[in-house]
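Enquirer: sequence unknown, structure follows:
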């Protein structure tokens with residue numbers, strides 16, 4: 001029974017495996033979004049390490065301007081990975097930070113421009129409008145930006161993760177999912193329901209706090225861990 005169950009889960013998830021590292025050339029913008037407390041900033045730090053190991057030239061935009069701690073936390077990660085970061089004082093317009101970051105990336109021949117955004121509850125209309133503004137501003141520099149919009153989901157959230165995706169999808173095309181906090185008791189089973197309903201590619205899973213605790217998503221391994 002478990003073998004059949006695992007195989008069925010894997011069948012749903014397998015087509016949605018998405019590489020963190022791709023062979024695309026040219027500047028790519030990755031917009032990171034999600035609700036409060038899912039681990040977006042930590043995830044960006046881990047992505048920096050992975051991309052630096054691939055000799056990618058990166059710049060990070062600290063567009064979570066609501067919390068000084070978010071900017072400080074991102075700075076620690078960037079310093080650790082020798083990555084440049086663009087930021088503005090707390091309370092600045094997040095869209096202006098995103099604009100400055102992509103402009104800098106374009107003028108300095110970067111491979112990747114990663115934008116951190118404030119955690120926003122999917123039911124807060126003003127914050128979702130601000131997120132929409134970030135996207136509009138990025139398109140002024142690059143009409144194709146952001147090439148990727150990845151939502152970070154917390155494995156402990158459960159079914160509410162479906163509502164979160166629903167609301168963010170109303171604003172932009174979500175091109176990838178990163179699920180965090182799979183190092184605890186949560187197994188992230190909601191990912192199967194999400195995959196079945198939305199068919200959004202799954203990029204990676206976070207399995208701890210350390211910088212190398214971000215794993216490429218593998219459907220077979222995830223399905224196996226889910227039933228163990």
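Expert: Structure received. Because the structure is predicted, anything quoted here is derived from the model rather than measured.

Enquirer: tell me where this structure has strands.
Expert: Under the criterion DSSP state E, the chain contains strands at 28-33, 58-63, 84-86, 112-117, 148-154, 176-180, 202-206, 214-216.

Enquirer: if you count neighbours, what's buried in the longest helix anywhere in the chain?
Expert: Across the chain, the longest stretch assigned as helix under DSSP state H is helix 125-141. For helix 125-141, a neighbour-count test (16 or more other CB atoms under 10 Å) marks 127-128, 130-131, 134-135, 137-138, 141 as buried. In short, each C-beta sits where N, CA and C put it, glycine included.

Enquirer: closest one of those to residue 208?
Expert: The closest of those to residue 208 turns out to be residue 131 (CB to CB; 28.1 Å).

Enquirer: low pLDDT regions in this structure?
Expert: For the chain, applying pLDDT under 70 flags the ranges 121-124, 184-185.

Enquirer: what ranges does it have for its helices?
Expert: Under DSSP H, the chain gives helices at 2-13, 40-53, 68-80, 94-107, 125-141, 160-169, 190-198, 219-227.

Enquirer: export these as CSV, with columns for distance to residue 29.
Expert: Converted to CSV, the helices of the chain look like this (distance: least, CB to CB, whole Å):
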stretch, distance to residue 29
helix 2-13, 27
helix 40-53, 13
helix 68-80, 16
helix 94-107, 6
helix 125-141, 6
helix 160-169, 17
helix 190-198, 22
helix 219-227, 27
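
Enquirer: do you know which of these lies nearest residue 26?
Expert: helix 94-107 (10.4 Å).

Enquirer: could you check the angle that closest one makes with helix 68-80?
Expert: 20 degrees (axes from the mean of the first three to the mean of the last three CA atoms, to 10 degrees).

Enquirer: quick check: buried residues in helix 94-107?
Expert: Quick answer for helix 94-107 (16+ other CB under 10 Å): 94-95, 97-103, 105-106.

Enquirer: could the residues you listed go into CSV alongside distance to residue 145?
Expert: Shown next, in CSV, are those (distance: CB to CB, whole Å):
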residue, distance to residue 145
94, 15
95, 13
97, 14
98, 9
99, 10
100, 14
101, 11
102, 6
103, 11
105, 10
106, 10
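
Enquirer: closest one of those to residue 32?
Expert: Closest to residue 32, out of all of those and judged by CB to CB, is residue 98, at 11.1 Å.

Enquirer: quick revisit: got TSV for the strands of the chain, with distance to residue 194 too?
Expert: Formatted as TSV, the strands of the chain follow (distance: least, CB to CB, whole Å):
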stretch	distance to residue 194
strand 28-33	15
strand 58-63	25
strand 84-86	31
strand 112-117	20
strand 148-154	8
strand 176-180	7
strand 202-206	8
strand 214-216	18
